[in-house]
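1. sequence plus predicted model, see below.
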Amino acid sequence: MGFELSGILGLLVLILDIYAIVQILRARASTAAKAIWVIVILFLPLLGLLAWLLAGPASPRTVRL
């Protein structure tokens, strides 16, 4: 059972990493910032994803009327 669980968790991390990279590339950040985040996620998949979730995505801005 351990092999199946680790495979599912690995697949989940892969899917979340791909989602994070797509969101990074769509963001309005500078090219250098995007490149750094993508490199961190590619080389440290789990830690990079957690760091991006904590520090990377900007909170939605409120629109003033």
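-> Happy to help now that I have it.
2. tell me where the model's unsure across the chain.
-> Counting by pLDDT under 70, the ranges of the chain that qualify are 1-3, 58-65.
3. pull the longest helix from it.
-> Among the elements of the chain assigned as helix by DSSP state H, the one spanning the most residues is helix 2-26.
4. residues making contact with it?
-> Contact partners of helix 2-26, identified using Cβ atoms under 8 Å, 6 or more residues apart in numbering, comprise 34, 37-38, 41-42, 45-46, 48-49, 52-53, 56-57. All C-beta spots, glycine's among them, are computed from the backbone N, C-alpha and C.
5. check the gap between the residue nearest to the spatial centre of the chain and Leu5 for me.
-> Taking Cα atoms, centre = their mean as the criterion, Ala20 is the residue nearest the geometric centre of the chain, at 2.9 Å. According to Cβ to Cβ, to the nearest Å, Ala20 and Leu5 sit 22 Å apart.
6. this completes my enquiry, with thanks.
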